[in-house]
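sequence unknown, structure follows:
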Ligand SMILES: Nc1nc2c(ncn2[C@@H]2O[C@H](COP(=O)(O)OP(=O)(O)OP(=O)(O)O)[C@@H](O)[C@H]2O)c(=O)[nH]1
Ligand SMILES: [K+]
Ligand SMILES: [Mg+2]
């Protein structure tokens, strides 16, 4: 493939900026500026010269095809972290007829060259976007190939089952029905239950990856927006003593002891003739129902019965004004807020216990397909059973992107940045 190049570090001033090239000829392109670079994976401190012009002093290295991130010949120039230098070097490579890389193109090449499976690519994307510890840990497991290794074990079980089925077919005697060895059904039942537990761990893992949603709800003037502002330590929402101040849903993304959480400030719930406020109330109810947890806020500590769900949190507000026993907060003094956030953390982390590794819908759908193919197989004739096993195997191939990946590639890679 042609040689692509891009700045691999974020653009801007820094200690070091790295320009990366990939494709057959990457080494020669780097050598044109840096002089001969005899050994791969060895750093050379060189002057980068184009004719008489000195471009920079840089650390330069290259990797052979097959031993690089992309699987192709790769060269890296570690430049001084100055945008003018990077621009000059990029301009030089463009003038040599090399092509600027598209978003995610290095990773795309790594995938196409078999250096990564599609679940690893998704994990890498998650890693780049991770904001919290829990997200980082999950993304690292995916990016490190854990799902791929697990899937490989499942595939091997299918291969073994398939071979046993094949060997049970007696082609010589077409009239006698063939017996499928019992081991096949044990194997497949075992596999089904492993797929089951991975599938049931999806919901929690998906929440860890994408973040939980927590809706703050309650009557007007309960102090919902004041609470959000207190947690944010800035004015994200308008606060006033006028009932019905908040209309739109205001989102605040926080890192709750490692969990990604979006807090939703919502319109105060009441019947009203004001059309705009009513739209806000409807929206508040909808988002509240869909949220992972609702925090019911009021002056009196009462919950909203219609929206209450198991695991919700009840809070009495304005504890600075009146005495309250427990679960009380004051957005003025800060009383009770840390306790509330800790309770919220405990409620949410309880839900992450069942989290598996599969955390993208695409991955889940492949697993469900594989599982479906293996349902109700007891007593099937060997030919049909063999077909079910093949179908399950191809669902697992799909999970890793060995087949059917085309429709996903553009979506996945365009979310990556240029240089990745
Ligand atoms: N004393 C006291 N007053 C508070 C506290 N929290 C909010 N308030 C006051 O209560 C009034 C309403 O606060 P908001 O935060 O706007 O209440 P809200 O629930 O967002 O109201 P809507 O958006 O209209 O539904 C304001 O005058 C706040 O200053 C508190 O902890 N203590
Ligand atoms: K208000
Ligand atoms: Mg409000």
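Looks like it arrived, so ask away. Here the structure is a predicted model, which means the values were calculated and not measured. Ligands and ions are numbered 1, 2, ... in the order given.

which SS class is whatever residue of the stretch 201-350 of the chain ends up closest to ligand 1?
Nearest residue of the stretch 201-350 of the chain to ligand 1: residue 268, at 2.5 Å (CB to the nearest ligand atom). Where C-beta positions appear, they are placed from N, C-alpha and C, glycine not excepted. Look at residue 268: counting by DSSP: H, G, I helix; E, B strand; the rest coil, its state is coil.

I figured residue 277 hits residue 245, correct?
No: the pair residue 277 / residue 245 is not scored as a contact, 9.7 Å apart, by CB atoms under 8 Å.

re the thing from before, counting neighbours, what do you get for the residue of the stretch 201-350 of the chain closest to ligand 1?
25 (other CB atoms under 10 Å).

cool, the one 3 residues further on as well?
The criterion is other CB under 10 Å. On that basis, residue 271 has 7 neighbouring residues.

Need the pLDDT of it.
For residue 271, the model assigns a pLDDT of 95.

where exactly do the helices run in the chain?
26-34, 83-95, 105-112, 118-129, 133-143, 146-168, 182-200, 202-210, 224-232, 275-290, 337-352, 361-373, 382-400, 406-414 (DSSP state H).

orientation of the third one relative to helix 406-414 in degrees?
Using axes from the mean of the first three to the mean of the last three CA atoms, to 10 degrees, the direction of helix 105-112 lies 150 degrees away from that of helix 406-414.

quick revisit: adding mean pLDDT, write the helices of the chain out as TSV.
Below are the helices of the chain laid out as TSV (pLDDT from 0 to 100):
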stretch	mean pLDDT
helix 26-34	98
helix 83-95	97
helix 105-112	96
helix 118-129	95
helix 133-143	97
helix 146-168	94
helix 182-200	95
helix 202-210	97
helix 224-232	98
helix 275-290	96
helix 337-352	97
helix 361-373	97
helix 382-400	95
helix 406-414	85
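
In JSON lines: these, plus mean neighbour count and distance to ligand 2.
Formatted as JSON lines, the helices of the chain follow (neighbours: other CB atoms under 10 Å; distance: least, CB to the ion, whole Å):
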{"stretch": "helix 26-34", "mean neighbour count": "21", "distance to ligand 2": "61"}
{"stretch": "helix 83-95", "mean neighbour count": "16", "distance to ligand 2": "47"}
{"stretch": "helix 105-112", "mean neighbour count": "22", "distance to ligand 2": "47"}
{"stretch": "helix 118-129", "mean neighbour count": "21", "distance to ligand 2": "34"}
{"stretch": "helix 133-143", "mean neighbour count": "19", "distance to ligand 2": "34"}
{"stretch": "helix 146-168", "mean neighbour count": "17", "distance to ligand 2": "47"}
{"stretch": "helix 182-200", "mean neighbour count": "15", "distance to ligand 2": "42"}
{"stretch": "helix 202-210", "mean neighbour count": "20", "distance to ligand 2": "30"}
{"stretch": "helix 224-232", "mean neighbour count": "22", "distance to ligand 2": "7"}
{"stretch": "helix 275-290", "mean neighbour count": "16", "distance to ligand 2": "11"}
{"stretch": "helix 337-352", "mean neighbour count": "16", "distance to ligand 2": "19"}
{"stretch": "helix 361-373", "mean neighbour count": "19", "distance to ligand 2": "38"}
{"stretch": "helix 382-400", "mean neighbour count": "20", "distance to ligand 2": "49"}
{"stretch": "helix 406-414", "mean neighbour count": "13", "distance to ligand 2": "41"}
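
So which of those is nearest ligand 3?
helix 224-232 (3.2 Å; CB to the ion).

Quick one, which of the helices of the chain gets closest to residue 239.
helix 224-232 (4.9 Å; CB to CB).

The closest one packs against which elements?
Judged by 3 or more CB pairs under 8 Å, 6 or more residues apart in numbering; DSSP states H and E, the packing partners of helix 224-232 are strand 212-217, strand 250-256, strand 259-265, helix 337-352.

nearest to residue 188, of these?
helix 337-352 (30.3 Å).

Contacts for the closest one next, please.
134, 204, 207-208, 212, 214, 227, 230-231, 256-257, 259, 261, 292-293, 295, 311, 313, 315, 327, 329-331 (CB atoms under 8 Å, 6 or more residues apart in numbering).

Those residues: which ones sit near ligand 1?
When contact is defined as CB under 6 Å from any ligand atom, the contacts of helix 337-352 meet ligand 1 at 330-331.

returning to what we had before: pLDDT value on the closest residue to the residue of the stretch 201-350 of the chain closest to ligand 1 other than its chain neighbours, please?
Nearest residue to residue 268, sequence neighbours excluded (CB to CB, 6 or more residues apart in numbering): residue 220, at 2.8 Å. Per-residue pLDDT puts residue 220 at 97.

ok, now which ones touch residue 220?
243-245, 267-270.

Among these, which ones lie close to ligand 2?
When CB under 5 Å from the ion is applied, the members of the contacts of residue 220 adjacent to ligand 2 are residue 245.

Most neighbours among the contacts of residue 220, please name it.
Within these, neighbour counts (other CB under 10 Å) peak at residue 267, which reaches 27 neighbours.

Let me know the distance separating the residue nearest to that residue when sequence neighbours are not counted from residue 10.
Closest residue to residue 267 apart from its sequence neighbours, by CB to CB, 6+ apart: residue 280 at 3.4 Å. According to CB to CB, to the nearest Å, residue 280 and residue 10 sit 39 Å apart.
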